[in-house]
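1. Requesting a structural model of the entry that follows:
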Amino acid sequence: MDDNVNLVTLNDPQSPAAEAYRALRMNLAFTSLDRALESLVVSSPAVAGMSSDTAANLAVVLAQVVQRVCLVDADLRRPSLHEIFNVPQEPGLTTFMLSNSAAQDVAPVETAVPGLSLLPSGTLPPNPADILGSKKMANLLEQLKGGADIIILQAPPVTVAVDASVLAAQTDGLLLVVRTGHTRRDRIEQAQELLERFRVRVLGTVLTDAPDRGLMTGY
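-> Coordinates of the predicted model:
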């Protein structure tokens, strides 16, 4: 994992990008002064958003301030977090969702980052939205909250499938990742419309690949 270029917060902690992730951590803390965030979804408007990198690095910086973080790969179409953290893809989220197991039987994998555990995607199902919007998924989220201070769920792009919107409606909100020079304005507008339709709270927007700092946050 140490050689993974996706984890800039570990591989280059003094870089502007790593500092921006720490600023993102602080901004999220300010958005939840009245009630601490227990769960959030990270997604992008379109495929080129790099939301998996953002979810992974945000999880790292949150764990670095002595928080128990559970990162869940809920992108059941193109999962990647198991590759970023170099853990097996299975067993994972769908292993539990498609079985008769109880939620307390789910055991996220401990990563090399102290305080950070990962629940990988598991095998890819034919009906991701149905799985993520089910009562069993809601029960799983409640169970995971018992072992973590915050749950971060990586989801597919908002405009590609309803998965992110369905999932975010069950959490405290969604963080939208926009990639400079890749994410089209019309995709951002479509994403906003979809999130409003599902009454999803947008916690903020993360701008990646910005030319001056590498990553900036906007609220």
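2. Low-confidence bits of this protein, can you list those?
-> 1-5, 32-33, 48-49, 101-105, 210-219 (pLDDT under 70).
3. Buried ones in the lengthiest strand in it, by neighbour count?
-> Using DSSP state E, we find that the single longest strand of the chain is strand 202-210. For strand 202-210, the neighbour count (16 or more other CB atoms under 10 Å) marks 203-210 as buried. Where C-beta positions appear, they are placed from N, C-alpha and C, glycine not excepted.
4. I'd like to know which elements the helix or strand containing residue 26 is packed against.
-> Here residue 26 is covered by helix 16-31, with elements defined by DSSP states H and E. Counting contacts by 3 or more CB pairs under 8 Å, 6 or more residues apart in numbering; DSSP states H and E, helix 16-31 is packed against helix 8-11, helix 51-63, strand 202-210, strand 214-218.
5. chain center to it: distance?
-> Centroid separation for helix 16-31 versus its chain: 15 Å, with CA atoms, centre = their mean, to the nearest Å.
6. residues making contact with whatever helix or strand comes next after it?
-> Per DSSP H and E, helix 16-31 leads on to strand 39-43 as the next helix or strand towards the C-terminus. For strand 39-43, contacts defined as CB atoms under 8 Å, 6 or more residues apart in numbering pick out 28, 49, 51, 54-55, 58, 74, 141, 145, 150-158, 164, 167-168, 170-177, 203.
7. can you check stretch 137-145 too?
-> By CB under 8 Å, 6+ apart, the residues outside stretch 137-145 that reach it are 38-39, 70, 72, 93, 96-97, 103-104, 106, 108, 119, 131, 151, 167, 170-171.
8. CA atoms of it as PDB?
-> Listed next in PDB are the C-alpha coordinates belonging to stretch 137-145 (Å, rounded to 0.1, in the frame of the first residue of the first chain):
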ATOM      1  CA  MET A 137     -28.500  -2.200   3.900                       C
ATOM      2  CA  ALA A 138     -30.000   0.200   6.400                       C
ATOM      3  CA  ASN A 139     -29.600  -2.400   9.100                       C
ATOM      4  CA  LEU A 140     -26.000  -2.900   8.000                       C
ATOM      5  CA  LEU A 141     -25.300   0.800   8.300                       C
ATOM      6  CA  GLU A 142     -26.700   0.900  11.800                       C
ATOM      7  CA  GLN A 143     -24.500  -2.100  12.800                       C
ATOM      8  CA  LEU A 144     -21.300  -0.500  11.300                       C
ATOM      9  CA  LYS A 145     -22.000   2.700  13.300                       C
END
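9. Buried ones in that stretch, by neighbour count?
-> Result for stretch 137-145 [16+ other CB under 10 Å]: buried residues 137, 140-141, 144.
10. same deal with stretch 86-99?
-> Buried, per 16+ other CB under 10 Å, within stretch 86-99: 87, 89, 91-97.
11. and the residue most central in space within the chain, bridged to which residues?
-> Taking CA atoms, centre = their mean, the centroid of the chain lies closest to residue 154, which sits 3.0 Å from it. Under DSSP bridges, the beta-bridge partners of residue 154 are residue 42, residue 73.
12. residue contacts, residue 132?
-> Residue 132 touches 74, 76, 155, 163, 166-167, counting by CB under 8 Å, 6+ apart.
13. separation between it and residue 122?
-> Relative to residue 122, residue 132 is positioned 13 Å away (CB to CB, to the nearest Å).
14. before we move on, what about residue 197?
-> 28 Å.
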